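Participant: I'll drop the sequence and a predicted model, then ask my questions.
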Amino acid sequence: SFSHDGHYMVTGNVGNWVRIWNPALKKIEQELIGHQSSVNGYAFAPGDTTLFTASNDLSLKIWKTRVDTLI
């Protein structure tokens, strides 16, 4: 899933975390850990200041990280 401005990409489904990438640099900018099982859904809210993640543990997390401050 990409941020609305295309500067960041989110991946998951490997473990109980998600990674926020800078795809232009092929660099992990941040890892968000908190789920108890594989993360299988993720989406940025409009404005890219909120990230929603969902997991096989049936939890939904709301991350209030400002993506534009990751660099």
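Facilitator: Great, that's in hand. Numbers count the residues shown, from 1 in each chain.
Participant: Which residue would you name as the spatial centre of the chain?
Facilitator: Val10 (4.3 Å; C-alpha atoms, centre = their mean).
Participant: Next up, the contacts around it.
Facilitator: Ser1, Phe2, Ser3, Val18, Arg19, Ile20, Trp21, Tyr42, Phe44, Leu51, Thr53 (C-beta atoms under 8 Å, 6 or more residues apart in numbering). The way it works is simple: take the backbone N, C-alpha and C, and place the C-beta from them, glycine included.
Participant: Pull the number of nearby residues for the closest residue to the second one other than its chain neighbours.
Facilitator: If the residues on either side of it in the chain are set aside, Phe2 comes closest to Met9, at 5.1 Å by C-beta to C-beta, 6 or more residues apart in numbering. Each residue near Met9 was counted by other C-beta atoms under 10 Å, and the total is 17.
Participant: repeat for Asn22
Facilitator: 15.
Participant: Give me the spatial nearest neighbour of it, chain neighbours excluded.
Facilitator: Closest to Asn22 by C-beta to C-beta, 6+ apart is Glu29, at 5.3 Å.
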